[in-house]
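Peer 1: quick one: sequence and predicted model below, then my questions.
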Amino acid sequence: MAATNRAPREVRKAAIASLVGSALEWYDFFLYGTAAALVFNTLFFPTFDPLVGTIAAFGTNAAGFLARPLGGVIFGHFGDRIGRKSILVITLMIMGVATFLIGVLPTYQTIGLWAPALLVTLRVVQGIAVGGEWGGGVLIVSEHAPDRRRGFYSAWSQTGVGLGFVLSASVYSLVKAVTTDDSFLAWGWRIPFVVGILLTVVGLLIRLRVMETPAYRRTASKKSAPEQTKLPVLEVIRTHPKPVLITFGARIAENGAMYVFLTFSLSYAAKIGLDGDLVLSAVVVGMLVESFAMPMFGALSDRVGRRPVYLGGAIGMIVWAYPFFAMFDSRDPVLIFVAVLVAVVCCHGAMIGTQPAFFTELFDSRVRYSGVALGHELASMVAGGFSPIIATALLAWAGASWPIALFLVGMGVVTVIAVAAAPETRAKAIDDRGTRDEAEAVAGSLRS
């Protein structure tokens, strides 16, 4: 069996492991953002004015985004040196422990300034872990998948992101529903963090059952240079500068828009007097539907190409930027759901569903983890970390949504330029640095 036709059982196992592990890691990461909005300003920054405390709490949330490129560099290095599977196990363990510790962390009332200091530290650890997670979660599937179905299978790793968000929002809503306001503030908010350690154990058991990818096995079997480099991140910058820039640019619209649609939309709803629960429900439904639309967009990219699907999502976001806010301004619940569903499922979903296969195919296997992680996480820091803050500042300046729509258009233009500059990579044989006989030997060793 050729390397381009992996055993379906192993491919499915890799896809499930990536989906479950990714969902659990993003469950942990999104939990923090929810808690920052609900309780951290009161429990960890009580000496501040309420608004200043909220800003401080969101500042600790942003610390996780700032740490993500560091995680991408660190774990990208070791992912290229010691393997994808090992790093995925390590990042999941780190994320699970950090999340559990947040759940048992004493508050300001108990230990004073140590409380916010430790909170920021643990958030940075979360950021480092999730920064290393994405690249490995994508590669463990895309490097197992058959060339002609790589888009479909690898998109399941992105499904975990959406399901992680839905799971975190649902758990928090459930805890709030079964506790009083005082109980939730006293101890209820800790429950979603503490139970995360049990989910981490489940994720570890699943990930430990997955074999290392054929592409890495082939590269690792040839220890001498140039097949394996000592500093993959420096090597990828030297040999693959254009793919790194394409990866970075392609993520600007996808990641920046995601946090405008998911995070800023809640603030905008409050500004114009909309029911926050209505908008949150629309966002949760949108993310749930998108989670299962992602593999469909991945499958479409297998048929028509990565660039057309990705460009379709970016251009769709540009076109939809103004109608999105106009529908919110109508205050009609049906139009609000339509606005969110089109933005999240059709525009964002087309981009994020195509990403795993597209980014994988831009890099050689010996530096692939470092390449996808570096471009991906730098964009997360710039676009994801700052887009809600920029959108809020624009709203405060103009008192209207039109500059935010222009902001979305600007991010969309950056992504269109980046993707238009990329080569079409559909059905590229990502093991093509070796001979067919070598690839078949690796595939055979995996089946044995």
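Peer 2: Here it is on my side, so go on. Residues are numbered from 1 along each chain as shown.
Peer 1: okay, CA-based contacts and neighbour counts for the rest of this
Peer 2: Noted.
Peer 1: so for the helix or strand where R238 lies, what gets flagged as buried?
Peer 2: Per DSSP states H and E, R238 falls inside helix 232-239. Residues 232-237 are the ones in helix 232-239 that count as buried (16 or more other Cα atoms under 10 Å).
Peer 1: how close does V284 sit to E361?
Peer 2: 31 Å (Cα to Cα, to the nearest Å).
Peer 1: who's more crowded, those two?
Peer 2: More neighbours surround E361 than the other of V284 and E361, with 26 against 21 (other Cα atoms under 10 Å).
Peer 1: which residue, other than its chain neighbours, is closest to L395?
Peer 2: Counting by Cα to Cα, 6 or more residues apart in numbering, L395 lies nearest to S401, which is 6.2 Å off, once chain neighbours are set aside.
Peer 1: whoops, I mixed them up, R84
Peer 2: G136 (5.4 Å).
Peer 1: tell me how far the helix or strand containing that neighbour lies from the chain's centre.
Peer 2: Assigned by DSSP H and E, G136 belongs to helix 114-142. Mean-position distance between helix 114-142 and its chain equals 11 Å (Cα atoms, centre = their mean, to the nearest Å).
Peer 1: retrieve the pLDDT associated with the residue most central in space within the chain.
Peer 2: Nearest to the centroid of the C-alpha atoms of the chain, with distances taken as Cα atoms, centre = their mean, sits V161, at 5.6 Å. On pLDDT, V161 comes in at 83.
Peer 1: so it touches F29, yeah?
Peer 2: No - applying Cα atoms under 8 Å as the test, V161 and F29 come out as separate, 9.9 Å apart.
Peer 1: where does the stretch 201-350 of the chain have low pLDDT?
Peer 2: In the predicted model, the stretch 201-350 of the chain carries pLDDT under 70 at residues 220-229.
Peer 1: hang on, the earlier thing: helices or strands next to the helix holding G136 in the packing?
Peer 2: In terms of contacts (3 or more Cα pairs under 8 Å, 6 or more residues apart in numbering; DSSP states H and E), helix 114-142 is packed against helix 8-35, helix 50-82, helix 84-103, helix 108-111, helix 150-178, helix 349-360, helix 368-379.
Peer 1: 6 Å instead?
Peer 2: Applying 3 or more Cα pairs under 6 Å, 6 or more residues apart in numbering; DSSP states H and E, one finds that helix 114-142 contacts helix 8-35, helix 50-82, helix 84-103, helix 150-178, helix 368-379.
Peer 1: tell me which residues are up against stretch 187-200.
Peer 2: The contact list for stretch 187-200, computed with Cα atoms under 6 Å, 6 or more residues apart in numbering, reads 96, 99-100, 103.
Peer 1: in that stretch, what's buried?
Peer 2: In stretch 187-200, counting by 16+ other Cα under 10 Å, buried: 188-194, 196-197, 199-200.
Peer 1: out of the contacts of stretch 187-200, which is nearest to P146?
Peer 2: Nearest to P146 out of the contacts of stretch 187-200 is G96 (Cα to Cα; 31.6 Å).
Peer 1: which residues touch that closest one?
Peer 2: 197, 200.
Peer 1: got a list of what M287 touches?
Peer 2: With Cα under 6 Å, 6+ apart, M287 has these contacts: G162.
Peer 1: can you list phi and psi of it for me?
Peer 2: phi -70, psi -40 (degrees, to the nearest 10).
Peer 1: return the distance of it relative to V382.
Peer 2: 22 Å.
Peer 1: returning to what we had before: least confident of the helices and strands packed on helix 114-142, on average?
Peer 2: Per-stretch mean pLDDT for the helices and strands packed on helix 114-142 is lowest at helix 50-82 (a mean of 76).
Peer 1: what helix or strand does A321 sit in?
Peer 2: helix 306-330.
Peer 1: tell me the SS of G273?
Peer 2: coil (DSSP: H, G, I helix; E, B strand; the rest coil).
Peer 1: again but with L408, I slipped
Peer 2: helix.
Peer 1: also the one 5 residues further on?
Peer 2: Under the three-state scheme (three-state DSSP), the conformation of V413 reads as helix.
Peer 1: give me the neighbour count for it.
Peer 2: As a measure of burial, V413 has 19 neighbours, counting by other Cα under 10 Å.
Peer 1: how close does it sit to P214?
Peer 2: The separation that V413 has from P214, given Cα to Cα, amounts to 37 Å.
Peer 1: you'd agree G375 is up against K242?
Peer 2: No - at 10.3 Å, G375 and K242 do not qualify as touching, with contact defined as Cα atoms under 6 Å.
Peer 1: looking at those two, which one has more neighbours?
Peer 2: Each of G375 and K242 has its neighbours counted (other Cα under 10 Å); G375 has more, 24 against 16.
Peer 1: what's near enough to touch that one?
Peer 2: Contacts of G375 by Cα under 6 Å, 6+ apart are 244, 247-248.
Peer 1: try it again with 8 Å
Peer 2: 244-248 (Cα atoms under 8 Å, 6 or more residues apart in numbering).
Peer 1: what's the burial count for F363?
Peer 2: 20.
Peer 1: mind listing what's buried along the helix holding A321?
Peer 2: 306-322, 324-329.
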